[in-house]
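K.L.:
3D, please:
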Amino acid sequence: MTHPPVPLGTFPTPLEPAPRLAAALGLGPEDLWVKRDDLTGLGGGGNKIRKLEWTVGAALAEGADTLVTTGAAQSNHARLTAAAAARLGLDAVLVLRGAPGAARSGNLALDGLFGARLAWAGEVDQAGLDAAAAEVCARLRADGKRPALIPFGGSGVLGARGYARCGEELRAQLPGLRTAVVALGSGGTMAGLVAALGTGCVLGVDVGALADPAAAVVAFAAPLTSEEVLAERLRVRRDQVGAGYAALTEPVAQALRLAARTEGIVLDPTYTGRALAGLAAAVRDGDVRPGEKTVFVHTGGLPGLFGHPAAVTAAEEGAGTY
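P.N.:
Have a look, this model is predicted:
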């Protein structure tokens, strides 16, 4: 049974033209638009709100009083789960990979501001992180609580429904859309867009969060569409991962500067920065062409910039003197 979503965000989000960014990438001035899903409202905004409306809606229907979820230390999803819990009068426990460090800025600062409790899982793989979350849920039940485990990144068939709705928004906002470019992390955002727009219309730029992100997209999208969704038909770029999920690459640093200096739009070094670097590469190799309507889906993540020391240093060094 699918429970109705709980309203958490402000929709539809704006679709804005980006003519100066388009020209810098080698596209025509009317070719590129930015879907501002960084402006979803709650908790600093971002794409996870669309997923949380569905996953938290199910948790409430099942009587949960505590939201538990997993992620990296600078997880946008964890931050917005904490914000959703605060909005709804629930507790939140965030099970994070790694250990507490000296600096707790970026998303970690907001986690604390929203009143979340943190459980550090150590340097574990995804299976280890899931096991740590299951243990936290068991302890909460033993204490008389009613926890609901929200999946990694909010991604699953249920969470992907939020991005199927986003795809429907895009169809209404920009008839003739050829390509929607989006960061591909845990898979749910791309899956929902694929379900609404079709496999040929969505270009996902892998950020290195999963070993096989295409498989996740297929698993989450297939139940939501009558189209046959096959991994080999997906448009996925895997050329922007670099040294790994947390590393800042030079193409991403260039993308951060480009978006900021052409359109005044701030991206983050893990997701949207990689997505724009992937779009730039797609234009260079002809996968995205001038004369076609292209949308860059801005999935948010601004707080993560301030939790990424290399990105902060690169930004500070970009300021000139007068």
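K.L.:
low-confidence regions, the protein specifically.
P.N.:
In the predicted model of the chain, residues 1, 102-103 satisfy pLDDT under 70.
K.L.:
and the strands in it?
P.N.:
Secondary structure of the chain by DSSP state E: the strands cover 15-17, 32-36, 66-71, 91-96, 117-120, 147-149, 177-184, 202-206, 235-237, 293-298.
K.L.:
nearest to residue 278, of those?
P.N.:
Closest to residue 278 of these, according to C-beta to C-beta: strand 202-206, at 3.2 Å. In this view, the C-beta of every residue, glycine as well, is placed from N, C-alpha and C.
K.L.:
which ones are touching the closest residue in space to residue 32 that isn't next to it in sequence?
P.N.:
Leaving out its chain neighbours, the residue that sits closest to residue 32 by C-beta to C-beta, 6 or more residues apart in numbering is residue 22, at 3.7 Å. Contacts were defined as C-beta atoms under 8 Å, 6 or more residues apart in numbering; by that measure residue 22 touches 28, 29, 30, 31, 32.
K.L.:
which of those count as buried?
P.N.:
31, 32 (16 or more other C-beta atoms under 10 Å).
K.L.:
would you turn the contacts of residue 22 into JSON lines with distance to residue 8?
P.N.:
Below are the contacts of residue 22 laid out as JSON lines (distance: C-beta to C-beta, whole Å):
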{"residue": "28", "distance to residue 8": "36"}
{"residue": "29", "distance to residue 8": "35"}
{"residue": "30", "distance to residue 8": "33"}
{"residue": "31", "distance to residue 8": "32"}
{"residue": "32", "distance to residue 8": "29"}
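K.L.:
now do residue 320 against residue 261, distance only.
P.N.:
Between residue 320 and residue 261 the computed distance is 12 Å (C-beta to C-beta, to the nearest Å).
K.L.:
higher neighbour count, those two?
P.N.:
Neighbour count, other C-beta atoms under 10 Å: between residue 320 and residue 261, residue 261 has more, with 13 against 5.
K.L.:
can you get me a residue count around the closest residue to residue 128 other than its chain neighbours?
P.N.:
Distances taken as C-beta to C-beta, 6+ apart put residue 121 closest to residue 128, at 6.5 Å, once the chain neighbours are dropped. Number of residues near residue 121 (other C-beta under 10 Å) recorded here: 19.
K.L.:
next, count neighbours for residue 221.
P.N.:
Quick note: residue 221 (other C-beta under 10 Å) scores 27 neighbours.
K.L.:
thought residue 50 was touching residue 165?
P.N.:
Yes: in this structure residue 50 lies within contact range of residue 165 using C-beta atoms under 8 Å: 6.8 Å.
K.L.:
so these two - more neighbours on which side?
P.N.:
Under the criterion of other C-beta under 10 Å, the comparison of residue 50 against residue 165 puts residue 50 first, with 29 against 19.
K.L.:
nearest residue to the more buried one other than its sequence neighbours?
P.N.:
Nearest to residue 50 is residue 162, by C-beta to C-beta, 6+ apart, at 3.1 Å.
K.L.:
ok, now how distant is that neighbour from residue 92?
P.N.:
19 Å.
K.L.:
residue boundaries of the helices in the stretch 51-200 of the chain?
P.N.:
Using DSSP state H, counting those that start in this stretch, the helices of the stretch 51-200 of the chain run over 76-88, 107-113, 126-142, 157-173, 188-197.
K.L.:
elements contacting the third one?
P.N.:
Yep, that's helix 126-142 we're talking about. strand 66-71, strand 91-96, strand 147-149 (3 or more C-beta pairs under 8 Å, 6 or more residues apart in numbering; DSSP states H and E).
K.L.:
in its sheet, what does the shortest one sit against?
P.N.:
This points to strand 147-149. Sheet partners assigned to strand 147-149 using DSSP bridges are listed as strand 66-71 (parallel).
K.L.:
and for the strand it pairs with, what are the contacting residues?
P.N.:
Here strand 66-71 has contacts from 56, 59, 77-78, 81-82, 84-85, 90-97, 121, 129-130, 132-133, 136-137, 140, 145-154, using C-beta under 8 Å, 6+ apart.
K.L.:
buried only: go through the residues you listed for me.
P.N.:
Buried, going by 16+ other C-beta under 10 Å: 56, 59, 77-78, 81-82, 84-85, 90-97, 121, 129-130, 132-133, 136-137, 140, 147-154, out of those.
K.L.:
ok, residue 305 touching residue 266?
P.N.:
Yes: taking C-beta under 8 Å as the definition, residue 305 is a contact partner of residue 266 at 6.9 Å.
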